[in-house]
Each structure stands twice: as structure tokens, then as C-alpha cells.
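Asker: A structural model of the following input is requested.
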Amino acid sequence: MKWTHLSAGCRQAGPALAVAVLALVLFVPVLQFGFAGFDDTSYVESNPQVRHGLSPAALRWAWITAHAGYWAPVLWMSYQADASLWGPDPGGFHLTNAGLHALNAGLLCWLLQRWTKSPGLAVGLALLWAVHPLRVESVAWIAERKGVLSGLFFLLCLHFYTAGGESRGWKQAAGASSLMLGMWVKPGVLLATPFVLLLLDVWPLRRFDWSGRTAGRLIREKWAYWLPALGFGFLAWRITRAVDYVRVDMPPVVARLLLVPGNYLAYLRQTAWPA
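Answerer: Presented below is the predicted three-dimensional model:
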């Protein structure tokens with residue numbers, strides 16, 4: 001049985017590696033880009049806590065500071081690691097963004113192969129996602145590393161959940177830890193992860209009984225995912241509200257909720273016809 005799983009894993013690795021390499025090649029030009037004037041300056045270019053690289057003081061700052069309105073310690077540490085590895089120039093930061101995107105594309109292809117049982121369909125869908133113009137913002141904009149880095153932890157969470165299923169062993173712990181790390185990058189987006197896992201129970205894992213008898217069990221068994229999603233999401237919200245940072249252009253909560261349908265429709269339109 002172990003050899004069967006190993007053989008299947010090797011067959012899935014080839015297409016996933018090819019997709020990752022193609023995604024990386026596509027975004028090689030970003031290595032020549034500089035800092036963008038919007039947020040890159042605050043996040044990296046003029047931020048001494050990042051430009052001086054990893055240090056005890058910088059790590060402490062990353063964990064106790066809601067810089068630019070975000071409490072995202074893993075995000076800040078990733079920038080600090082870049083500065084230590086590549087120096088303060090923008091090329092190294094862009095290289096990391098492109099590498100993370102390539103890794104995400106390969107991991108997505110791996111997951112789609114497991115879910116669809118069709119390597120050709122998985123490669124096609126993963127490539128479509130990897131080369132779609134909507135990906136440019138997250139890859140080519142250093143400040144939007146929040147997208148590619150939290151995306152990596154999100155995909156890892158899906159991988160461990162798919163592999164572990166009902167297991168409460170190390171795979172569940174790895175999935176919950178991946179979600180927690182992602183929450184320390186971009187908490188608002190990953191709050192919905194437990195609901196995504198419930199969708200995976202419906203398809204492709206087919207663990208959901210449409211009679212309704214399994215719904216409560218499936219919700220309860222995800223306690224290891226609910227805790228980081230709700231706990232760290234609430235903590236990030238409280239820390240962000242506590243700092244002296246006011247978004248004067250932000251409309252009231254009710255007005256923002258009313259914008260949601262239009263925003264979704266705009267995103268779907270740009271997915272089908274990016275312009």
C-alpha cells in the first residue's frame with residue numbers, strides 16, 4: 001500500500017513541478033521591478049524594522065506592532081528574512097513573491113489531481129489560475145505578498161485536510177497549524193477556511209450525508225480549524241483597532257456590507273474577462 005501511494009505521489013509531482021516552473025518563468029520579469037509607490041514604501045523601503053533584516057528587536061517588533069493597520073507577524077518576518085538574505089534592494093523581495101506564486105501553482109495542481117483524478121484537467125486549471133492577469137497584483141507588488149504567502153498556508157491547510165480526512169493525528173495538527181500561520185499573514189481572508197473544508201466534505205471527499213445526519217459531526221470535528229480562524233481573527237481585529245491608525249476613506253460597516261454583492265460580481269466579471 002505504501003508503494004502504491006508513493007507511485008501515485010510521483011505521478012502527481014511531475015505535472016505539479018511543470019506548472020510551478022512555468023509560473024515562475026512567466027513572472028521572471030518582476031525581478032527587474034522596483035518598489036511601488038503605494039504601500040511598498042511603508043512596508044519595506046522606508047521601514048527600518050524590515051530593511052535591517054532579522055534580529056531580536058525586529059522579531060519583537062513584528063509580533064507586537066500593527067504596522068500600517070495590520071497585525072501580521074509572519075508577513076513582517078518574511079520581509080525581514082528577505083532583507084537578511086538578499087539585502088534591501090527590491091529584486092530579492094520580488095524573487096520571493098515569484099517563488100511563492102510558483103509554489104502555490106504547483107501545490108494547486110497537486111491538489112486538483114487528487115480531487116479530480118484527471119491530470120490533464122488539473123494541469124489546465126492550475127495553469128489558468130497561475131497565468132491569469134488577476135495574479136499579477138499579488139506577485140508583482142511587494143506589499144501584496146499577503147496574498148501569495150497566505151495563499152501558500154491556505155493550500156497547505158487544504159492538502160493536510162484532504163490527506164487526513166477524519167484523522168485527528170499529525171495531519172490535522174499540520175492543517176490547523178498551516179491555517180494559524182496563514183492567519184498571521186492575512187487574517188481577514190482566511191476566516192472562511194473552515195467553511196471551505198465543509199465544501200470539500202461535500203466534494204470531492206464525499207463525506208457529507210445529504211440526509212443531514214452528518215452535518216453536526218462535520219462541523220464539530222473541525223474544532224482545530226475553528227479555533228485559529230475565530231480566535232486569531234478576533235485577536236488581529238482587536239489589535240488593529242487598538243493602534244492609532246484610522247482609515248478615513250473607509251465607509252461604515254453597513255455600507256461595506258452593501259458593497260459585497262457588487263464586489264463579487266466585479267471580481268467574477270474580471271475573472272471571465274480581465275480588462
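Asker: going forward, measure contacts and count neighbours with C-alpha atoms only.
Answerer: OK.
Asker: Please report phi then psi for the most far-flung residue of the chain relative to its centre.
Answerer: Relative to the centre of the chain, and counting by C-alpha atoms, centre = their mean, the farthest-placed residue is Ser211 at 33.5 Å. Main-chain torsions, Ser211, degrees, to the nearest 10: phi -70, psi -10.
Asker: quick one: the strands in this protein?
Answerer: Ranges of strands in the chain, per DSSP state E: none exist.
Asker: Now do the same contact list for the residue nearest to the spatial centre of it.
Answerer: The residue lying closest to the centre of the chain (C-alpha atoms, centre = their mean) is Gly151, at 1.5 Å. Applying C-alpha atoms under 8 Å, 6 or more residues apart in numbering to Gly151 gives the contacts 104, 182.
Asker: go on, Thr240?
Answerer: 66, 69-71.
Asker: Quick check: Ser241 vs Gln49, distance?
Answerer: Just to correct that, residue 241 is Arg rather than Ser. Separation of Arg241 from Gln49 (C-alpha to C-alpha, to the nearest Å): 22 Å.
Asker: and if you look at Phe208?
Answerer: From Phe208 to Gln49 the distance is 48 Å (C-alpha to C-alpha).
Asker: And the two? Which one has more around it.
Answerer: Gln49 (21 against 18; other C-alpha atoms under 10 Å).
Asker: Need the pLDDT of Gly233.
Answerer: Predicted confidence (pLDDT) at Gly233: the value is 84.
Asker: Ok, the one 3 residues further on next?
Answerer: Confidence per residue is given as pLDDT, and for Ala236 that number is 80.
Asker: If I follow the layout properly, it ends up in contact with Leu191?
Answerer: No - contact criterion C-alpha atoms under 8 Å: Ala236 and Leu191 do not qualify, at 11.3 Å.
Asker: contacting residues around Gln172?
Answerer: Neighbours of Gln172 in contact, by C-alpha under 8 Å, 6+ apart: 160-161, 164, 224.
Asker: Looking at those, state which has the most neighbours.
Answerer: Tallying neighbours with other C-alpha under 10 Å puts Tyr161 at the head of the contacts of Gln172, with 22 neighbours.
Asker: Find me the pLDDT at that residue, would you?
Answerer: Reported pLDDT for Tyr161: 95.
Asker: you'd agree it is up against Gly175?
Answerer: Yes - counting by C-alpha under 8 Å, Tyr161 does reach Gly175; the two are 6.0 Å apart.
Asker: tell me the phi and psi of the closest residue to Thr162 other than its chain neighbours?
Answerer: Closest residue to Thr162 apart from its sequence neighbours, by C-alpha to C-alpha, 6 or more residues apart in numbering: Leu205 at 7.5 Å. Main-chain dihedrals, Leu205, degrees, to the nearest 10: phi -70, psi -20.
Asker: Please work out how many residues are found near Leu205.
Answerer: Neighbours of Leu205 using other C-alpha under 10 Å come to 14.
Asker: What helices and strands are in contact with the longest helix that the chain contains?
Answerer: Taking DSSP state H as the criterion, the chain has its longest helix at helix 90-116. The elements that helix 90-116 packs onto, with contact taken as 3 or more C-alpha pairs under 8 Å, 6 or more residues apart in numbering; DSSP states H and E, are helix 2-26, helix 73-86, helix 119-131, helix 136-140, helix 145-164.
Asker: Pipe the ones you listed into a markdown table and attach distance to Arg256 per row.
Answerer: Output for the helices and strands packed on helix 90-116, formatted as a markdown table (distance: least, C-alpha to C-alpha, whole Å):
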| stretch | distance to Arg256 |
| --- | --- |
| helix 2-26 | 34 |
| helix 73-86 | 26 |
| helix 119-131 | 28 |
| helix 136-140 | 22 |
| helix 145-164 | 21 |
